[in-house]
Each structure stands twice: as C-alpha cells, then as structure tokens.
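Q: heads up, no residue letters with this:
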C-alpha cells in the first residue's frame, strides 16, 4: 500500500466550477501537508502549505486537513482555464521523527478546466 | 532571478553509456534533492544533500550517484543507464532541511534510455 493515495484523474470541469482534489494517507506521523501545482513541461511549484489539522485559505484556494481521517483536500473556487494543471499532494513528518525535508508525494491529479 | 536550473532538458541515450545531469541553484540553499517522476507513481526521491559533502539515499537510489562539492551544484550521475531509468527527473532545493521549508523545483530533465 502506498503511503499517499491520490486519484490521478483526469478531472474535467467547466469554467467557474468548484473543484475538489483529495488525498488519503496511511502514516499518522505526517505533520506537514502541501499542495503543489505542476503545469505541463514545468517543475512543481508550491501552492498551499498546512501544518497539522485545519483549514487554510488563499484567494480561490482552500486546503483542508483532517488528521483523524488521514484525508486532505484542496478546493478551487471559480475555477479558471489557467488552473488546468496537475495537482500533487505532498506530506512530510516532523523533524523530531526524522523528518528532514523529505516529501512523500501523491501520484498527482490532472485537472482540465474548459471555457 | 531565483531559480533552479537543470541541463540537459531532454536526453536520449543508450544502455550503459554514462551520463550526468547537472543541477544548479542560485539561492544559497543548503538542502538539495533529486526526484524522478513516473506515471502513476508520483515523485520519488533518489538522493538528497543537507549541505556540501553531505549526501544520503532517498527511496530509489539504485543505479544513481550524486556529489555535492559546491553548495550551488548537485549533479546526478548514471554510470550505466538502463531502460528502467527512463523517466522525468527533477532537482529541488530549499533553504534548510526542515520539513516546513518550501522546495523549489527545476524545470525537469526527460531522459530516455534505449
């Protein structure tokens, strides 16, 4: 079983839709949760970062972490064609459990927002 | 401009012919890392370096070597490439090795081994 599971999609939505992207994980030691966005033929770039549980909002993007269910989500409101990309969830343990900056990534979900 | 650069961006080679993929960052970052990205498997760490002359294996180190002689450079060496090393490779760097530090990724190197 992979430590981090993510539906690869593809997910196709119309412009303006609310998009929900999700990951589940098995390692309860994960404390840091990130979402990276990767455009075609580019490297991933950090989109959202959350420590431990809770919600974090940044413009049209909201990240949620539910540690009790080992489930994280990224919501995109009013989706735009420019949001078309692959979204990768990533997780890391705390420094106190040997968590140097090693990220465990999900496989990525490909999102297409059509006009 | 702050960035991580990789060269070459595309490479086609034959089994057994040694190759090096270069990685350089201009942000004075301590931590650097190499990942490979394969469909359905996501990004998997190959090697990482906490600082000059300090390197360690990631999850999939077999068939790869690295060195960190200068802070800015972290080359990836495939001494005898095999077809199962055909993949998309990313170099990344961050200010420090703590898990809360953002990793900055290079543009990727697409390697095909025939």
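A: Received, thanks. None of the values given here were measured: they were computed from a predicted structure. Numbering: from 1, shown residues only, chains lettered A, B, ... in the order given.
Q: Quick one: end-to-end distance for stretch B:70-83.
A: End-to-end distance of stretch B:70-83: 30 Å, with Cα to Cα, to the nearest Å as the criterion.
Q: Now look at that stretch and say if it contacts chain A.
A: No - under the criterion of Cβ under 8 Å from any Cβ of the partner chain, chain A is not reached by stretch B:70-83; the shortest gap measures 13.7 Å. No exception for glycine: its C-beta is placed from N, CA and C like everyone else's.
Q: Buried residues, that stretch. List them.
A: Applying a neighbour-count criterion of 16 or more other Cβ atoms under 10 Å in any protein chain shown, one finds B:72, B:74, B:75, B:76, B:78, B:81 buried in stretch B:70-83.
Q: doesn't residue B:67 make contact with the fourth one?
A: No - contact criterion Cβ atoms under 8 Å: residue B:76 and residue B:67 do not qualify, at 9.4 Å.
Q: quick one: buried residues of stretch A:58-68?
A: Neighbour counts over stretch A:58-68 (16+ other Cβ under 10 Å) mark A:61, A:62, A:63, A:64, A:65 as buried.
Q: What helix or strand is the closest residue to residue A:12 other than its chain neighbours located in?
A: Ranked by Cβ to Cβ, 6 or more residues apart in numbering or on different chains and with sequence neighbours excluded, the top spatial neighbour of residue A:12 is residue A:112, at 4.6 Å. Element membership for residue A:112 (DSSP states H and E) is strand A:109-114.
Q: Show me what that strand is packed up against.
A: Judged by 3 or more Cβ pairs under 8 Å, 6 or more residues apart in numbering or on different chains; DSSP states H and E, strand A:109-114 is in contact with strand A:11-14, strand A:19-25, strand A:85-93.
Q: In contact with the closest residue to chain B within chain A, which residues are there?
A: Distance from chain B to each residue of chain A (Cβ to the nearest Cβ) is smallest for residue A:43, at 3.3 Å. If you count contacts by Cβ atoms under 8 Å, 6 or more residues apart in numbering or on different chains, residue A:43 has them with B:4, B:90, B:92, B:105, B:106, B:107, B:108.
Q: so where is chain A shaky, pLDDT-wise?
A: A:94-101 (pLDDT under 70).
Q: let's see 90
A: Scanning chain A for pLDDT under 90 picks out A:1-2, A:7-9, A:29, A:31, A:51-54, A:92-103.
Q: what about the strands in it?
A: Along chain A, counting by DSSP state E, strands occupy A:4-6, A:11-14, A:19-25, A:30-38, A:45-51, A:54-58, A:61-66, A:71-76, A:85-93, A:104-105, A:109-114.
Q: Up against chain B, what does chain A have?
A: So chain A meets chain B at A:4, A:6, A:8, A:31-32, A:41-46, A:49, A:51, A:88, A:90, A:92-95, A:99-103, A:105-108 (Cβ under 8 Å from any Cβ).
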